Each structure stands twice: as structure tokens, then as C-alpha cells.
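Novice: Pasted the sequence and its predicted model underneath.
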Amino acid sequence: MTVTLNMRARLRSLPLPAAVAACLLSFVAFWMAQRAANVTMLDLSVYRAEGETVLAGGDLYAMRATSANLPTTYPPFAALLFTPLTLLGVPEMRTLATAGNLLLLLALVRLSLRLVGRERPETALWAAAVLVWCEPVWTTLRYGQINLLIAVAVLWDLTRRENNRWAGVGIGLATAVKLTPGLFVVFLLLVGVARARTHGWAWNTWLRQAATATGVFAVVTVASAVILPYDSRRFWTEMIFETSRVGRKEETANQSLSGVLARLLHTTDPGHWWLAAAVLVGVAGLAVAVLAALRGDRPVAVVACATTALLVSPISWSHHWVWCVPMLILLATRVSTAWTAAVALVFASFALWWVPHQPAPVRLELHQNAGQMLLSGLYTLVGLGLLTAFAVRLGIGRRRQAVANE
């Protein structure tokens, strides 16, 4: 423990220029490694194709793009946001996306440190220099994904001052682009209702944020329906129920409960097993998040809610787990260095890619042995373990408070 404290003290004592240099060096090395790996940024090309389809007045959900024949999976509002990509050439678009995502990583680290009350510029730079090498971050930039943008929008809201009038806007916009952040609206609502019950049903900041997020989501969704009526009707009545458009549940990259269960049961559709597990974990995870918020532990509440959303989603690709950034920063402030390093190793090891996997029609994921299943479900296991640890810690705290009140 003494060695750990001394090491942290030495890192904090290093001057800001050293942190800037280390971060720049790491980012440049990362950028060069991505180029050496010939990253395709397939998803970014799909986003550009969506923008082109909107401008051309085409059928958004009949569109297929890139050599992988990928479809549109997001709500119509996202396609409207992607239209500026059509103004750029492909090389310029990829360069801008890489630079933008690296800046978003810095923002996510900074907000995560603010969440745990450790916001310092030099700390953010040192952390970003290391966390950029996590597999979810690498894969996000490899595909040109928007996961970092979504996480920053959500975390921006949840680190505002209580009376900030804009808190909730980020979550509303993020949910209009990608539905998974909508669980944060449910979380805000539950905490707000619980607070209101203890204060005579008084209006509070949690309810206001939930209302703001819901209002923003509704406004941009209705506006999108006005601009793209046909595509909006198709998405909200058909596409939203076709989870197969997103990808195969059994793929190794799917790090949600459905993915683990599909590989474990050697099936392409875990069906009722997934539904039962998702309901159980969803209720338990939200309960942990709400209880933590009611006890004033916002960092645990936010990470618990994000982890729950990733676990219960039908598809949570490994790059969706960029929430490992606030997760690891939280662990670094709460547990020993050894435990933090162990979790960091999971996200930095790329272990899930060590197992046999191959695109359809070959389905190697359905024939994994026990060791391969373990490696291909590490993110899910970390998420479940984290929620369990939070629940135990909250239970211990509650018992101690009960004893103190006796």
C-alpha cells in the first residue's frame, strides 16, 4: 500500500508538460499502430452512406454499405447528424474521425475524474495515455464508431452541478441517436421518484433531468419524423424489433448476456434464457444504481447503470464497452492497485479475440470449449462481478448505518 501511495504521489508531482508529452507520444504511437493495422473504419463509411441516402431521398433502412453489406441500425435522427460527413473525402473523414475520437477520449477521462472528484489536467493526460490502448477504445477507432461521443454526452449530464438547466440534454440526444442510453433516463426517474417520496413528492433535480432528457429525445425524434416520415415510421414500427440487423448474437464481439448465453448454449438465439437473465440483471443493476445514488455515491450509481445497460442489451459489441474508462478510474480510487490492474488487464488484453471466430455462415463461436467460452465472456463476467461487488458494499454500508443508529 505504501509503495502504491508513493507511486501515485510521484505521478501527481510530475509537471504538466511531462503529462502532455506522454499523452501526445502515446496518441501518436496509437495512430501509427492503427494505420499499420490497416483499419477499415467500416462503421464510419456506413454513417457516411446514411448521410448520402438521406440527402438523396433514398430508403434509409433498405440501404446497404461497404464490402460487408452493412445496414442502417440507428434511429433516423442519427442519419441526419451524419449528413455533414458527405462534405468530406474518405481520407479526410477518417483522419478527422481519428483525431476527434482521441479528443473525445480525453474528454471522457476528464469527466470520469470529475465524477470521482479527482479532476486534474495532468492526471487526465496520464490516464488517457494509458487507457487509449484498451480494446474497446482501439476497436471504436478501428471501426470509426461513435461510442466515445455517446459516453461523453451521458457523462457530461451526470457531472453537472445540480441546478444546471442543461443537465439531461446530453442523455436525451444520446438516446435519440442510440437507444441504449435510455436506461439512464429510467435511472434518473427512479432516483427522482424515490427522492420525491421522502420529501413529500417535491420536484427535484433528478426528476428535472429525467424530464429534460425525455423532452429532448421527444423533440428531436418528432423533428426527425417530420423530415423523414417514411424512415421514421419504418424504424419505430419495424426496425426497432429486428435485432438481427445489428449482428449475430453468438459473435465473440457481443459482450452482453445474450452473447454469452448464445455461446454457452451453442445456439444462435438464447430466447427465454436471455430474457429471464436480462430482466433479473436489469432489475438488480438498476436497484444497485438507484440505491447508490440515494446514498450520495454518484460514481458507483453511474458506472452501475452503464454496466447494466451493456449487460441487458441484446447486442453489446466490445467497442460499446468504452465505459471501461470511468469504470477503471472509479476502481483506481476505491480498490487496491492489484484489483484495478486485473480489471484493466481484461480490457487491454484483447483476450476475446484469442478464441476461434469467423463470420457467417461458419459459426465457430457455437463450438467453443470451456476455456474459450471464458475468454469470450470476460467483459460480461467483469460487469456481473462489479455489480455484485457494488451490491455487497452497499449492503455492508447499510448494516453499519443501522448499527450506528441503534
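Specialist: Looks like it arrived, so ask away. Numbers count the residues shown, from 1 in each chain.

Novice: hey, let's count contacts and neighbours off CA atoms from now on
Specialist: OK.

Novice: what ranges do the helices span in the stretch 301-406 of the chain?
Specialist: Along the stretch 301-406 of the chain, counting by DSSP state H, counting those that start in this stretch, helices occupy 324-334, 337-348, 370-375, 378-405.

Novice: okay, those, which one's buried deepest?
Specialist: The highest average neighbour count among the helices of the stretch 301-406 of the chain, using mean count of other Cα atoms under 10 Å, belongs to helix 324-334 at a mean of 20.

Novice: what inclination does that helix have with respect to helix 337-348?
Specialist: 170 degrees (axes from the mean of the first three to the mean of the last three Cα atoms, to 10 degrees).

Novice: quick check: mean pLDDT across helix 324-334?
Specialist: Averaging pLDDT along helix 324-334 gives 96.

Novice: The helices of the stretch 301-406 of the chain: lowest mean pLDDT?
Specialist: Lowest mean pLDDT within the helices of the stretch 301-406 of the chain: helix 378-405, a mean of 81.

Novice: just to revisit the earlier point, with distance to residue 205 added, can I get the helices of the stretch 301-406 of the chain in CSV?
Specialist: Output for the helices of the stretch 301-406 of the chain, formatted as CSV (distance: least, Cα to Cα, whole Å):
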stretch, distance to residue 205
helix 324-334, 23
helix 337-348, 32
helix 370-375, 42
helix 378-405, 23
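
Novice: which residues in the stretch 51-200 of the chain form helices?
Specialist: Using DSSP H, counting those that start in this stretch, helices in the stretch 51-200 of the chain cover 76-81, 90-115, 121-131, 135-143, 147-158, 169-177, 182-198.

Novice: Kindly compare burial across those and name the winner.
Specialist: A comparison of the helices of the stretch 51-200 of the chain by mean neighbour count, using mean count of other Cα under 10 Å, puts helix 169-177 on top with a mean of 26.

Novice: I'd like the distance from that helix to the chain centre, please.
Specialist: Using Cα atoms, centre = their mean, to the nearest Å, the mean C-alpha position of helix 169-177 is found 13 Å from that of the whole chain.

Novice: so for that helix, what's the average pLDDT?
Specialist: Rounded mean pLDDT across helix 169-177 is 97.

Novice: With stretch 223-230 instead?
Specialist: The pLDDT scores in stretch 223-230 average 97.

Novice: What residues of it count as buried?
Specialist: Under the neighbour-count criterion of 16 or more other Cα atoms under 10 Å, stretch 223-230 has 224-225, 228 buried.

Novice: low pLDDT regions in the stretch 51-200 of the chain?
Specialist: Counting by pLDDT under 70, the stretch 51-200 of the chain contains no low-confidence range.

Novice: Run the chain-centre distance for stretch 149-167.
Specialist: The answer for stretch 149-167 is 15 Å, by Cα atoms, centre = their mean.

Novice: I'd like to know which of the helices of the stretch 301-406 of the chain lies nearest to residue 269.
Specialist: helix 370-375 (16.4 Å; Cα to Cα).

Novice: So which elements touch the closest one?
Specialist: If you count contacts as 3 or more Cα pairs under 8 Å, 6 or more residues apart in numbering; DSSP states H and E, helix 370-375 packs onto helix 257-265.

Novice: Tell me the first helix or strand C-terminal of the helix it packs on.
Specialist: Following helix 257-265 in sequence order, the next helix or strand is helix 271-294 (DSSP states H and E).

Novice: Turn the helices of the stretch 51-200 of the chain into CSV, including distance to residue 268.
Specialist: Output for the helices of the stretch 51-200 of the chain, formatted as CSV (distance: least, Cα to Cα, whole Å):
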stretch, distance to residue 268
helix 76-81, 28
helix 90-115, 33
helix 121-131, 33
helix 135-143, 24
helix 147-158, 26
helix 169-177, 27
helix 182-198, 26
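
Novice: Figure out which of the helices of the stretch 301-406 of the chain is closest to residue 89.
Specialist: helix 324-334 (31.2 Å).

Novice: which strands and helices sit next to that closest one?
Specialist: helix 90-115, helix 298-312, helix 337-348.

Novice: how about JSON lines for the ones you listed, with distance to residue 251 added?
Specialist: Formatted as JSON lines, those follow (distance: least, Cα to Cα, whole Å):
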{"stretch": "helix 90-115", "distance to residue 251": "25"}
{"stretch": "helix 298-312", "distance to residue 251": "15"}
{"stretch": "helix 337-348", "distance to residue 251": "18"}
